[in-house]
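Q: here's my sequence, what's the structure:
(2 chains)
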Number of protein chains: 2
Amino acid sequence: MSGEGDLLDEVTPDLVRRVEAALAEERVDEVRGLLTGLSATGQASILEQVSDDERDRLIGLLKGDLDPETLVELDEEVLEDVLDQLDSKDIAAAAAKLETDDATTILEELPEAERREVLAEMPAAERAEIEHALAYPENSAGRMMQRSLVRVPDRWTVGQVIDHCREATDLPEDVYDIFVVDGEGRLRGSVPLGRMLRTKRPVQILDIVDPDIPSVPAGADQAEVAHLFRDQNLVSCPVVDERGRLEGVIMVDDVVDVIDEEAEEDILKMGGVGTDDMYAPPIRTARMRALWLTVNLATAVLASLVIGQFEGAIEKIVALAVLMPIVASMGGNAGTQTVTVAVRSLATGQLTAANALRFVAKEAMVGGLNGIVFAFLMGSAVVLWYGDWRLGAVIGAAMVCNLLAAALAGTLIPLGLQKFGVDPAVSSTVFLTTVTDVIGFLAFLGLATLFLL
Amino acid sequence: MSGEGDLLDEVTPDLVRRVEAALAEERVDEVRGLLTGLSATGQASILEQVSDDERDRLIGLLKGDLDPETLVELDEEVLEDVLDQLDSKDIAAAAAKLETDDATTILEELPEAERREVLAEMPAAERAEIEHALAYPENSAGRMMQRSLVRVPDRWTVGQVIDHCREATDLPEDVYDIFVVDGEGRLRGSVPLGRMLRTKRPVQILDIVDPDIPSVPAGADQAEVAHLFRDQNLVSCPVVDERGRLEGVIMVDDVVDVIDEEAEEDILKMGGVGTDDMYAPPIRTARMRALWLTVNLATAVLASLVIGQFEGAIEKIVALAVLMPIVASMGGNAGTQTVTVAVRSLATGQLTAANALRFVAKEAMVGGLNGIVFAFLMGSAVVLWYGDWRLGAVIGAAMVCNLLAAALAGTLIPLGLQKFGVDPAVSSTVFLTTVTDVIGFLAFLGLATLFLL
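A: Residues are numbered from 1 along each chain as shown, chains lettered A, B, ... in the order given. Take a look at the predicted model:
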């Protein structure tokens, strides 16, 4: 038994370096010894942290010794790389040892042709289960579920169910619920294992069943499944087809991965990067990010076209050029705060049509308040700096305008995108900075033109 | 039984509006009917979406009818508000109906004096358990765990364990594992319920125990606990004291909440807002955000001091003022992409001392590549726009400089902060934009001064 300290530190930077050193000097047995001593998560962590080149050599060395679970734990990008190194026999052997849902996760990374090869190498029963799962759309409940579960007819007694569990050899170890189905295979409810254990053998299973358990259709999106698990604190959830027949079960550990993925995606999207960024080769990363930078370039050019309209004013008062980025930058930052809260609250369902108006009003108030505070701060600083109270008044007024614009844009843009079915996490910030840059420069330079020239 | 569609839509904006309308017209029975028909999550969602004022009135109406689980599901800020409306008797009654860990979550929101009052109203046994949990630091395993679990001596047989489960009345329903302890109460391992069910009665429990299960010390941080559950795909995990004695058990559903919280915190921190932002009153939100805006103001002023050094150049070539925000903005965006990946990879343990150098090198390469691409793009645009190839060359060179600076700052700042024990999610972006603004203006205006004047 070990405390979590040990587990967290299973793979230290030092261990990675020892693996790398042993690999460089071709001490094959040492490399194999270091890796096979680790858990699947540990092996995966090593494979993720070494260079592409080292990874390929490690896979070449390990092959059969690789824990199949390691493949499941790998980052998607690294998994693709590792699968490239394995032939279809190796992959089929690994997949056969995994639960259907995990095997499916791995096989869905393969190109169509290779996937068929791997499936051909697998035992018929497992092949059928995986093909069944692959028939469902990606990121659906059908792909997440495992097919092995305890399913009993609704006319059995508790004793019969217990005997069935004792005799069956192919039951999963991590059983938490017994699922009860009718003659047609339709789900009638579930019985937690703990309750079964405490019930006398002659009792009818239907007498202790929970009929009102939640279930999900096989086509449901994984994000919705995660939402359901979270809201209802579920540990497992049955999956049914369109006629209510029991298809499989989704376990909470797979949902934890989905929750992680979804939060991760939101963070990365808001930062303008894709999910497979960390392990992608530099050229691909550069190309993926260039897309986003191009959009930002267009935004920046638009802002500079606005500045271009005021060249005359800047020529006369060069201080305008010095001060204008401050107004734009404060608007951008205040707007980012608002957008972050809006995107997050939309994602968690805390911001809806019912309280949208209240949210916009609150943000406008916050923007107005901070607008006044920073108008005063910056205005006074400019008066002290340039000794010109009119310039101070102009930058103050521009600050209030831009922080109000930031509050409105920061709320209305994500709400609008969501309404039109566009993911607000991806595009809100670009639109926002376009607004805060344009309004920032326009308000400051425009007011300066009106009152200072 | 219901599909998840129904469950997700339990609280529609329309339902919120109906509750609000009934409340406004004081149709008390209708309000009560609408709310008591909902699950705890649904009740919580309504309480979160109505205005502060409406919430207070709802609580006044519901009081005893409020599902105690609703309190557990509420956002922290809203929970505080709701607790303010309830007297200590109501809170004690609700807490007594909850699991220890959930009751603790609620009581830890109360001020010291009121907490003592509430505890005094509770039955002695439950009070002792909650006081025990509250003795552990906030966000520790000790606070997350529940104390009710199935604990059996290591000299029992499977039959004795089953009989014990049948006879005991106070066992939790959601049991997944039986914990085996020695004479001193020290954890010897666990047996999954499914395995017990399949084993013959005379078998010694020690013969089927998993001795190598992970456990966490009661003082461990909740983030580490979440990490462990995720890495090992755990459903429950025993908590032990410093002598290895079994203290309680942490269930996966509480860990899901922690994982959510941690991801949420990272997103909000990177956006420059606090975790209790959405439901805080405007003045408090404004004050919390002003802190961050002040730091940004300092950054912006620093950048504008740099511009101030080049007033002479801007007076001669006003186009410099028009173009300079483009260079700064592209650097800021490219740097944000890098910082996002760095912060996320540090949080998930994918970026460590072992591969930091490789990461910095890759990012520098990406920055260099995109620097060249956008230098060419922007340089050509400027040549076409202003008909001045030297101005185009200067903006191109500044672009390459700033995107390289962004790559280095975007990697080295979060790595450095992490090394010195500062949370990279909070402060990386400020330092980054300081660098990209300063280098952006300095490179562009500096090169212009050298080559164009």
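Q: end to end, how far does stretch A:160-178 reach?
A: Length of stretch A:160-178, first residue to last, CA to CA, to the nearest Å: 12 Å.
Q: list the buried residues in that stretch.
A: Under the neighbour-count criterion of 16 or more other CB atoms under 10 Å in any protein chain shown, stretch A:160-178 has A:Q160, A:V161, A:I162, A:H164, A:C165, A:L171, A:D174, A:V175, A:Y176, A:D177, A:I178 buried. Quick note: C-beta positions are derived from backbone N, CA and C, even for glycine.
Q: nearest to chain B among the residues you listed?
A: A:V175 (3.7 Å; CB to the nearest CB).
Q: specify the local secondary structure of the closest one.
A: coil (DSSP: H, G, I helix; E, B strand; the rest coil).
Q: hmm, stretch A:283-295 touching chain B?
A: Yes - judged by CB under 8 Å from any CB of the partner chain, stretch A:283-295 and chain B are in contact via A:I283, A:T285, A:A286, A:R289, A:A290, A:W292, A:L293.
Q: got it, and stretch A:324-339?
A: Yes - contact of stretch A:324-339 with chain B (CB under 8 Å from any CB) involves A:M324, A:P325, A:I326, A:A328, A:S329, A:M330, A:N333, A:A334, A:T336, A:Q337, A:V339.
Q: out of these, which end up buried?
A: For the residues of stretch A:324-339 next to chain B, buried by 16+ other CB under 10 Å: A:M324, A:P325, A:I326, A:A328, A:S329, A:M330, A:N333, A:A334, A:T336, A:Q337, A:V339.
Q: A:G142: which of those is nearest?
A: Of all these, A:G142 sits closest to A:V339, with 34.5 Å by CB to CB.
Q: in terms of pLDDT, where does that closest one sit?
A: Note on A:V339: pLDDT of 94.
Q: can you give me the helices in the stretch 1-150 of chain A?
A: A:4-8, A:13-24, A:28-36, A:40-49, A:52-62, A:68-73, A:76-85, A:88-97, A:100-107, A:112-121, A:124-134, A:141-144 (DSSP state H, counting those that start in this stretch).
Q: A:L228: which of the ones you listed is closest?
A: Using CB to CB, the helices of the stretch 1-150 of chain A put helix A:141-144 closest to A:L228, at 9.6 Å.
Q: so what touches the closest one?
A: Applying CB atoms under 8 Å, 6 or more residues apart in numbering or on different chains, the external contacts of helix A:141-144 come out as A:101, A:104-105, A:108, A:133-137, A:216-222, A:225, A:239, A:247-248, A:250, A:254-255, A:258.
Q: still on that earlier bit, which of the helices of the stretch 1-150 of chain A comes out lowest on mean pLDDT?
A: Among these, helix A:4-8 carries the lowest mean pLDDT (a mean of 42).
Q: list phi and psi for A:L246.
A: phi -70, psi 120 (degrees, to the nearest 10).
Q: number of residues surrounding it?
A: For A:L246, the count of nearby residues is 21 (other CB atoms under 10 Å in any protein chain shown).
Q: circling back: secondary structure for the residues of stretch A:324-339 next to chain B - can I get that in a markdown table?
A: Listed next are the residues of stretch A:324-339 next to chain B as a markdown table, based on three-state DSSP:
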| residue | secondary structure |
| --- | --- |
| A:M324 | helix |
| A:P325 | helix |
| A:I326 | helix |
| A:A328 | helix |
| A:S329 | helix |
| A:M330 | helix |
| A:N333 | helix |
| A:A334 | helix |
| A:T336 | helix |
| A:Q337 | helix |
| A:V339 | helix |
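Q: which of the helices of the stretch 1-150 of chain A sits most buried?
A: Each of the helices of the stretch 1-150 of chain A was scored by mean neighbour count; the highest is helix A:141-144, a mean of 26, by mean count of other CB atoms under 10 Å in any protein chain shown.
Q: any idea how far that helix is from the chain center?
A: Between the centre of helix A:141-144 and the centre of its host chain there is 17 Å, according to CA atoms, centre = their mean, to the nearest Å.
Q: can you check stretch A:421-428 too?
A: Per CA atoms, centre = their mean, the centroid offset for stretch A:421-428 relative to its chain is 14 Å.
Q: could I get the buried residue list for that stretch?
A: Neighbour-count burial for stretch A:421-428 [16+ other CB under 10 Å]: A:D423, A:P424, A:A425, A:V426, A:S427, A:S428.
Q: list the contacts of that stretch.
A: Residues contacting stretch A:421-428 (CB under 8 Å, 6+ apart): A:265-266, A:269-270, A:339, A:342-343, A:346-347, A:410, A:413-415, A:417-418.
Q: what mean pLDDT does it get?
A: Per-residue scores along stretch A:421-428 average to 88.
Q: do stretch A:359-376 as well
A: Mean predicted lDDT for stretch A:359-376 stands at 97.
Q: give me the buried positions along that stretch.
A: A:359-360, A:362-371, A:373-375.
Q: which of the helices of the stretch 1-150 of chain A sits closest to B:Q309?
A: Using CB to CB, the nearest of the helices of the stretch 1-150 of chain A to B:Q309 is helix A:13-24, at 42.3 Å.
Q: how far off centre is that closest one?
A: 31 Å.
Q: ok and it relative to helix A:52-62, angle-wise?
A: Inter-element angle recorded for helix A:13-24 and helix A:52-62: 70 degrees (by axes from the mean of the first three to the mean of the last three CA atoms, to 10 degrees).
Q: residues contacting helix A:13-24, please?
A: A:30-31, A:34-35, A:46, A:49-50, A:54, A:57-58, A:61, B:352-355.
Q: stretch A:298-310 now?
A: A:314, A:320, A:324, A:328, A:430, A:433-434, A:437-438, A:441-442, A:445-446, A:448-449, B:321-323, B:325-326, B:329-330, B:381.
Q: could you rerun that using 7 Å?
A: A:430, A:433-434, A:437-438, A:441-442, A:445, A:449, B:321-323, B:325-326, B:329-330 (CB atoms under 7 Å, 6 or more residues apart in numbering or on different chains).
Q: what do you get for stretch A:444-453?
A: Contacts of stretch A:444-453 (CB under 7 Å, 6+ apart): A:307, A:310, A:313, A:316-317, A:320, A:324, A:327, A:390-391, A:394-395, A:397-398.
Q: next, A:I250: phi, psi?
A: Per degrees, to the nearest 10, the backbone of A:I250 is at phi -100, psi 130.
Q: just checking, it touches A:V235?
A: No - look at A:I250 against A:V235 with CB atoms under 7 Å: they stay out of range, at 10.1 Å.
Q: can you pull out the helices in the stretch 201-350 of chain A?
A: Going by DSSP H, counting those that start in this stretch, the stretch 201-350 of chain A shows helices at A:222-232, A:252-270, A:282-308, A:311-316, A:319-347.
Q: of those helices, flag the one that's most buried.
A: Mean neighbour counts for the helices of the stretch 201-350 of chain A (mean count of other CB under 10 Å) peak at helix A:319-347, with a mean of 27.
Q: and the angle from the helix or strand that that helix is followed by to helix A:319-347?
A: Per DSSP states H and E, the first helix or strand lying C-terminal to helix A:319-347 is helix A:356-386. Counting by the same axes, to 10 degrees, helix A:356-386 lies at 160 degrees to helix A:319-347.
Q: so which bits of the helix or strand immediately after helix A:356-386 in the chain are buried?
A: Downstream of helix A:356-386, the first helix or strand assigned by DSSP H and E is helix A:389-419. Neighbour counts over helix A:389-419 (16+ other CB under 10 Å) mark A:391-415, A:417-418 as buried.
Q: and helix A:389-419, what does it pack against?
A: helix A:319-347, helix A:356-386, helix A:424-452 (3 or more CB pairs under 7 Å, 6 or more residues apart in numbering or on different chains; DSSP states H and E).
Q: wouldn't A:G371 be in contact with A:A405 here?
A: No - judged on CB under 7 Å, A:G371 makes no contact with A:A405 at a distance of 9.5 Å.
Q: what sits against the closest residue to chain B within the stretch 301-450 of chain A?
A: Residue of the stretch 301-450 of chain A nearest chain B, by CB to the nearest CB: A:T340 (2.7 Å). Counting by CB under 7 Å, 6+ apart, A:T340 touches B:I267, B:L268, B:G271, B:V273.
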